[in-house]
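In: only geometry, no sequence info:
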């Protein structure tokens, strides 16, 4: 058990570290920072989330735009397979073309192929210079237009989107003032991070964007925290308002405005009077769809939303994973051939179905 | 066949493109550039190498430091498995946690699990501002010290290393003048690439490095090409001097100076009088080991070098792949448990061993 929560010294030359799977994200971040580096994944549940869980579910979060998902941080791991076989690869070589990438097969497999016990992770530079812009916009298309331009900034670190109804809920829950003199249908939060203060290049970018309804920029900690609150307090504010149906979907960026427009009427049809609140990670086309006041129509809402996402060639689980709860909808995102291939791999590594039965691949055919 | 060589229009919003597996790297690069973007992998064989081959072997090249290997460019693919099953995933979603990452399992599997027919690839920004430094140094440790500092530059795009004997061979082959007034044991080439001219930050970096024996910087095309020639002409110059034993290895960076020091005497022991020429991609600890004048001791040289690499916890194939030629040495880099797990996956997807028999996994146990 001790080994599961230990942290090896940071390898500064490689910018990597090996840790036990039971280490929390918060402890990993502190460990990396003490060595002058940082970790590429961050999310609100940092004090509870463990490295093993983050790898098994390929966690996302607010820095995916810059550094990728959890799987992209993993340069190697140790795992125990169902029959006790230990596959271990912890040298962290940046390049190693000697056969199948078992590490990436295990990452995101939701514990169905093996139990991750130890992980080698890449670390990233500390970027002390930060600037945040909150932007009011007329629609999702405008947010995408601003994003397309913002992507040219090497310092771009986050691009988060939320909508009027969610911001109103957050303001009421957290007693926050209005961000702007007028209200906007869409809010886009951009964060830049660099070795030196990126405020000037963020301001220059905003100056080039005709789409802006209004915008405010902060580079001090207090100001940045205040702007982030409009986005980050969504989950808490929604939970305080009721028990939502929570879905986590992504679609190609070109399909996002259509999805955003179609979601409320799609929900309304199966759950009249329900409130559909959207927020998420714009660059990855990833929307968290939270629906309040669904009454007894929770399953119908899930079914309607996930079918709509599938019609847009999207994913029914962008970053949260399939688990048992979404396994019956897996075929909306993966073809029969893909699911059959996954089952062949599952049968090869866990023929008796001992690991996480019913997760990802529902029992039976 | 037509489908195998076609290029779909570039999706500028997603910065992705879908192409047939038979498209050459050169055609892909031209296609991306015509749309104002670029492709993240480059290597000398660009006019012959196809996208399908690059994916199957997870090709590396000179831009891995900045963008990763070929597998990191692949956001989805279509492949035909041994039994005719077509697994296809071409939506290119940036985040999609719906089961096993079959795309990454197929990438780098050297055609042993399926035949890649179509690939969706991420594209990268065009970076017109470039500056190259060639640096003379006393040893590999000094090259690593300069690299550690250079990594702080967001514009760093390449860090290539070569040695006195190889540079002498290149100079004689290509009739190049000496890069510096005096000769150095080690040469480090750094390239920076950015939206604007990165020459100043490269010069500033060099000013901070006490290790420099000498250095020269070029930002114009002709000057950059001249400096790159000392590194890029190695393969040709070596081939002109004889038929080398070619090995492609990587070790953790901390082990690299030791490996560089031990390689020549290790080779000398099994092939007296042979010439060991080293060059490669410093940031990934990846050395191309080319040995000339091995006489009849080619296999002994391979065996001695790969065993030395394994003793340093390195990879016997950093970017070239295992193929049939290196399959007998696979166990130097992968544990029996890993190889057994690979065989289970191979048996699950290609039970009759129809695809590339003998490649990667030697026949029989």
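Out: Yep, that arrived. Here the structure is a predicted model, which is why all the values come from computation and not from measurement.

In: Quick check: the residue sitting nearest the centre point of chain A vs residue A:113, distance?
Out: Against the mean C-alpha coordinate of chain A, by C-alpha atoms, centre = their mean, the closest residue is residue A:60 at 2.9 Å. Distance of residue A:60 to residue A:113, given as C-beta to C-beta, to the nearest Å: 20 Å. From N, CA and C alone the C-beta is placed, and that goes for glycine too.

In: Could you check how many residues crowd around the closest residue to chain B within the stretch 151-300 of chain A?
Out: Nearest to chain B in the stretch 151-300 of chain A, going by C-beta to the nearest C-beta, is residue A:284, at a distance of 3.9 Å. Using other C-beta atoms under 10 Å in any protein chain shown, residue A:284 has 23 neighbouring residues.

In: Ok, residue A:206 next?
Out: Neighbour tally, residue A:206, other C-beta under 10 Å: 18.

In: Can you show me the strands along the stretch 251-365 of chain A?
Out: For the stretch 251-365 of chain A, strands defined by DSSP state E, counting those that start in this stretch occupy the ranges A:275-281, A:286-292.

In: Compile these into a markdown table and extend it with columns for mean pLDDT and distance to residue B:149.
Out: Converted to a markdown table, the strands of the stretch 251-365 of chain A look like this (pLDDT from 0 to 100; distance: least, C-beta to C-beta, whole Å):
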| stretch | mean pLDDT | distance to residue B:149 |
| --- | --- | --- |
| strand A:275-281 | 97 | 33 |
| strand A:286-292 | 98 | 36 |
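
In: Now render these as JSON lines, adding mean neighbour count and distance to chain B.
Out: Listed next are the strands of the stretch 251-365 of chain A as JSON lines, based on neighbours: other C-beta atoms under 10 Å in any protein chain shown; distance: least, C-beta to the nearest C-beta, whole Å:
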{"stretch": "strand A:275-281", "mean neighbour count": "24", "distance to chain B": "8"}
{"stretch": "strand A:286-292", "mean neighbour count": "24", "distance to chain B": "5"}
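
In: could I get those strands as TSV with distance to residue A:45?
Out: Listed next are those as TSV, based on distance: least, C-beta to C-beta, whole Å:
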stretch	distance to residue A:45
strand A:275-281	16
strand A:286-292	14
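
In: Need the nearest residue in space to residue A:232, chain neighbours excluded.
Out: Of all residues not flanking residue A:232 in the chain, residue A:44 sits nearest, at 6.7 Å (C-beta to C-beta, 6 or more residues apart in numbering or on different chains).

In: Correct me if wrong: the one you found contacts residue A:233.
Out: No. With contact taken as C-beta atoms under 8 Å, residue A:44 and residue A:233 are classed as non-touching, separated by 9.9 Å.

In: out of those two, which sits in the more crowded spot?
Out: A count of neighbours by other C-beta under 10 Å puts residue A:233 above the other of residue A:44 and residue A:233, at 21 against 13.

In: In this structure the more buried one contacts residue A:173, no?
Out: Yes. Counting by C-beta under 8 Å, residue A:233 touches residue A:173, with 6.5 Å between them.

In: Residue numbers of the stretch 101-250 of chain A in contact with chain B?
Out: The stretch 101-250 of chain A comes close to chain B at residues A:101-102, A:104-105, A:107-109, A:113, A:125, A:144, A:148, A:151-152, A:154-155, A:194-195, A:250, as judged by C-beta under 8 Å from any C-beta of the partner chain.

In: Go again with 10 Å.
Out: The stretch 101-250 of chain A comes close to chain B at residues A:101-110, A:112-114, A:125, A:127, A:144-145, A:147-148, A:151-155, A:194-195, A:248-250, as judged by C-beta under 10 Å from any C-beta of the partner chain.

In: give me the number of residues near residue A:332?
Out: Residue A:332: 18 neighbours (other C-beta under 10 Å).

In: same deal with the one 10 residues further on?
Out: Taking other C-beta under 10 Å as the criterion, the count of residues near residue A:342 is 22.

In: who touches it in this structure?
Out: Taking C-beta atoms under 10 Å, 6 or more residues apart in numbering or on different chains, we find residue A:342 in contact with A:109, A:112-113, A:330, A:334, A:360-361, B:87, B:98-100, B:102.

In: other SSEs contacting the helix or strand where residue A:215 lies?
Out: Residue A:215 belongs to strand A:214-218 when elements are defined using DSSP states H and E. With contacts defined as 3 or more C-beta pairs under 10 Å, 6 or more residues apart in numbering or on different chains; DSSP states H and E, the packing partners of strand A:214-218 are strand A:129-137, strand A:186-194, helix A:199-207, helix A:221-232.

In: quick one: which of the ones you listed is nearest residue A:239?
Out: Shortest distance between residue A:239 and those, using C-beta to C-beta, is found for helix A:221-232: 13.2 Å.

In: okay, now the nearest residue to residue A:102 once chain neighbours are set aside: neighbour count?
Out: Leaving aside its chain neighbours, residue A:102 sits nearest to residue A:87 (5.6 Å; criterion: C-beta to C-beta, 6+ apart). Using other C-beta under 10 Å, residue A:87 has 24 other residues around it.

In: Ramachandran coordinates for residue A:87?
Out: phi -100, psi 130 (degrees, to the nearest 10).

In: Please list all residues in contact with it.
Out: Counting by C-beta under 10 Å, 6+ apart, residue A:87 makes contact with A:77-81, A:102-103, A:105-106, A:113-114, A:349, B:334-335, B:337-342.

In: What residue spans form the domains of chain A?
Out: Chain A is divided into the following domains under automatic domain parsing: A:3-125, A:129-235, A:242-332.

In: just to revisit the earlier point, just give me the closest of the contacts of residue A:342 to residue A:164.
Out: Taking the contacts of residue A:342 together and measuring to residue A:164 by C-beta to C-beta, the closest member is residue B:98, at 30.3 Å.

In: That closest one is in what secondary structure piece?
Out: Short version, using DSSP H and E: residue B:98 is in no helix or strand.

In: Can you pull the phi/psi pair for it?
Out: Per degrees, to the nearest 10, the backbone of residue B:98 is at phi -120, psi 60.

In: residues near it, how many?
Out: By other C-beta under 10 Å, 25 other residues sit near residue B:98.

In: Once you drop chain neighbours, what's closest to it?
Out: Nearest one to residue B:98, counting by C-beta to C-beta, 6+ apart, is residue A:333 at 4.3 Å.

In: That neighbour contacts residue A:321, correct?
Out: No. Look at residue A:333 against residue A:321 with C-beta atoms under 10 Å: they stay out of range, at 12.0 Å.

In: Looking at those two, which is more packed in?
Out: Ranked by neighbour count (other C-beta under 10 Å), residue A:333 and residue A:321 place residue A:333 first, with 28 against 23.

In: State the number of residues packed around the nearest residue to residue A:137 once chain neighbours are set aside.
Out: Once flanking residues are discounted, residue A:137 sits nearest to residue A:186: 4.4 Å by C-beta to C-beta, 6+ apart. Residues near residue A:186, counting by other C-beta under 10 Å, number 24.

In: quick one: residue A:186 from residue B:6, how far?
Out: On the measure of C-beta to C-beta, residue A:186 and residue B:6 end up 37 Å apart.

In: Next: residue A:176.
Out: Counting by C-beta to C-beta - residue A:176 and residue B:6 are separated by 52 Å.

In: And for residue A:270?
Out: In terms of C-beta to C-beta, residue A:270 sits 41 Å off from residue B:6.

In: and these two? which has more neighbours close in?
Out: Using other C-beta under 10 Å, the more surrounded residue of residue A:270 and residue B:6 is residue A:270, with 18 against 13.

In: Report pLDDT for the more buried one.
Out: Per-residue confidence (pLDDT) for residue A:270: 98.

In: got it, and residue A:164?
Out: We have a pLDDT of 97 for residue A:164.

In: what's around the closest residue to it other than its chain neighbours, how many residues?
Out: Closest residue in space to residue A:164, ignoring its immediate chain neighbours: residue A:185 at 5.3 Å, by C-beta to C-beta, 6+ apart. For residue A:185, the neighbour count with other C-beta under 10 Å is 16.

In: OK, contacts around residue A:185?
Out: So residue A:185 contacts A:136-140, A:142-143, A:163-165, A:213, A:260 (C-beta under 10 Å, 6+ apart).
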